[in-house]
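Colleague: coords below, sequence missing:
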């Protein structure tokens, strides 16, 4: 039994995971270490014997910190980094069973759907070379038939339902009355030559920009509201799980040759993969390596009162207990066990405290990580160090207008100082303040950029002060603008 070769587990070491997160997130070393250790433990568990593997449960994490310090960004980058089913959900979306809204089981159902799509795309990539060859063959036949009058009687593809009506009403008599015309050996050789030429043109991309009308078959996935034991929910009728009688729609579309190749490749690849095997592997991945990031968990923490919205909040916490501890959730792909799904919860806890969560839920989030508030020095690093730093983003945006934009070191320091000062004097929204400050700073330049094409513009401390000093000095104005 080699389950490790089937489940794509994260093979990075904890140090490498932290290094990858450092490329996009400044500071918060404790949170990065906790996440890295949790991910590595998934890998370690996969190396154990099956008997011991089932006994080791994931150590769920609770991240505590003010808004804008990187809790959600860690989750977002984690989703890009790990090769496991991952979903980020807001705790405020859920309501207690019996109230109008979504039940907590829906996050496991959504995670399973994500895993199915993930595995399906992987399987499609595996068979893509063979599927592409079939797509070329199919398109070459179509192009060849359009350039000459078919000499053979061709029977169009019909759906199983149409086939049934044809049998009942004998609608296929007309096709039987037009027998195929036999081709001569010379015509066959000529047809093979033309077909080979078309294949070469398709593979070389010489005809990519030409247009062609093709028939596209799309699966219809209707959604219906059903009453489940957990309440009212939307259930998708997955047509791919019940071929060939699933609801399908056929339509003609005019597309380029390049688009037709891609469409046919996708169709042929889907025919080649085993849908039941995809679902089975996806469910296995969810159960063994799934990760759920539960954001805004502080919003469902009660304040000790048992009236008003706190009733529903406590109900959501009680509903979360069996999911986090381990239970079986019924999905359209079959039952899914949540025993080994890793839960990472996060909240600002401005008005509530972690101790306001019900004790049972606190016990199921054993690892606590406190994220530090950000200061001016952190803002300076955020503006320059990450691969997606704000200054780099604005430079690339201005480059599309032909403007060469540069930020001096003292300008970056001044922007960071102003953001820190506004956070201290008004509401502290962390690194999100940098977005408002930068937008205010760049407003005039963004508007006039087309008029400065070919110019080099340098933003220094004086420019920053000229644009922002008046707003920062006026506390009332900065509350509304910055």
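Modeller: Happy to help now that I have it. As the structure is a prediction and not an experimental result, all values here were calculated from the model.
Colleague: Residue 372: how many residues sit nearby?
Modeller: 15 (other C-beta atoms under 10 Å). C-beta coordinates here come from the backbone N, C-alpha and C atoms, glycine included.
Colleague: who's in contact with it?
Modeller: Counting by C-beta atoms under 8 Å, 6 or more residues apart in numbering, residue 372 touches 27-28, 65, 69.
Colleague: change it to 10 Å
Modeller: 27-31, 65-66, 69-70, 378 (C-beta atoms under 10 Å, 6 or more residues apart in numbering).
Colleague: What about those residues, which are in helices?
Modeller: 29-31, 378 (DSSP state H).
Colleague: ok, longest helix in this structure?
Modeller: helix 105-147.
Colleague: shaky segments in the stretch 1-150 of the chain?
Modeller: Applying pLDDT under 70 to the stretch 1-150 of the chain flags residues 1-11, 95-101, 148-150.
Colleague: hmm, I was thinking of the stretch 151-300 of the chain
Modeller: Checking the stretch 151-300 of the chain against pLDDT under 70 turns up 151-183, 218-249.
Colleague: how about the strands in it?
Modeller: 211-219, 223-228, 231-236, 248-256, 291-295 (DSSP state E, counting those that start in this stretch).
Colleague: where's residue 18, which helix or strand?
Modeller: Per DSSP states H and E: residue 18 is located in helix 14-22.
Colleague: List the buried residues of that helix.
Modeller: Residues 14, 17-18, 20-21 are the ones in helix 14-22 that count as buried (16 or more other C-beta atoms under 10 Å).
Colleague: do stretch 345-364 as well
Modeller: Result for stretch 345-364 [16+ other C-beta under 10 Å]: buried residues 345-349, 352, 354, 356-358, 361, 364.
Colleague: Residue 194 versus the residue lying farthest from the centre of the chain, what's the distance?
Modeller: Relative to the C-alpha centroid of the chain, counting by C-alpha atoms, centre = their mean, residue 184 is the outermost residue, at 55.2 Å. For residue 184, the distance to residue 194 equals 15 Å [C-beta to C-beta, to the nearest Å].
Colleague: chain center to the helix or strand where residue 316 lies, what's the gap?
Modeller: Per DSSP H and E, residue 316 falls inside helix 310-325. Put simply, helix 310-325 sits 26 Å off its chain's centre (C-alpha atoms, centre = their mean, to the nearest Å).
Colleague: how about the residue lying closest to residue 263 once chain neighbours are set aside, what does it touch?
Modeller: Setting aside the residues directly before and after it, residue 263 is nearest to residue 216 in space (C-beta to C-beta, 6 or more residues apart in numbering), at 6.3 Å. Going by C-beta under 10 Å, 6+ apart, residue 216 touches 249-253, 255, 260, 263-264, 267.
Colleague: Could I get the buried residue list for stretch 75-92?
Modeller: For stretch 75-92, burial by neighbour count (16+ other C-beta under 10 Å) applies to 75-79, 81-82, 84-89, 91.
Colleague: JSON lines for these, including secondary structure and distance to residue 425?
Modeller: Below are the buried residues of stretch 75-92 laid out as JSON lines (DSSP: H, G, I helix; E, B strand; the rest coil; distance: C-beta to C-beta, whole Å):
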{"residue": "75", "secondary structure": "helix", "distance to residue 425": "30"}
{"residue": "76", "secondary structure": "helix", "distance to residue 425": "29"}
{"residue": "77", "secondary structure": "helix", "distance to residue 425": "31"}
{"residue": "78", "secondary structure": "helix", "distance to residue 425": "33"}
{"residue": "79", "secondary structure": "helix", "distance to residue 425": "35"}
{"residue": "81", "secondary structure": "helix", "distance to residue 425": "36"}
{"residue": "82", "secondary structure": "coil", "distance to residue 425": "39"}
{"residue": "84", "secondary structure": "coil", "distance to residue 425": "43"}
{"residue": "85", "secondary structure": "coil", "distance to residue 425": "43"}
{"residue": "86", "secondary structure": "strand", "distance to residue 425": "38"}
{"residue": "87", "secondary structure": "strand", "distance to residue 425": "38"}
{"residue": "88", "secondary structure": "strand", "distance to residue 425": "32"}
{"residue": "89", "secondary structure": "strand", "distance to residue 425": "34"}
{"residue": "91", "secondary structure": "helix", "distance to residue 425": "31"}
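Colleague: Dump those residues to a markdown table, plus distance to residue 277.
Modeller: A markdown table is the format used below for those (distance: C-beta to C-beta, whole Å):
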| residue | distance to residue 277 |
| --- | --- |
| 75 | 30 |
| 76 | 31 |
| 77 | 31 |
| 78 | 28 |
| 79 | 25 |
| 81 | 27 |
| 82 | 23 |
| 84 | 19 |
| 85 | 17 |
| 86 | 22 |
| 87 | 23 |
| 88 | 28 |
| 89 | 28 |
| 91 | 34 |
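Colleague: Of those residues, which is the nearest to residue 383?
Modeller: Of all the buried residues of stretch 75-92, residue 383 sits closest to residue 77, with 18.0 Å by C-beta to C-beta.
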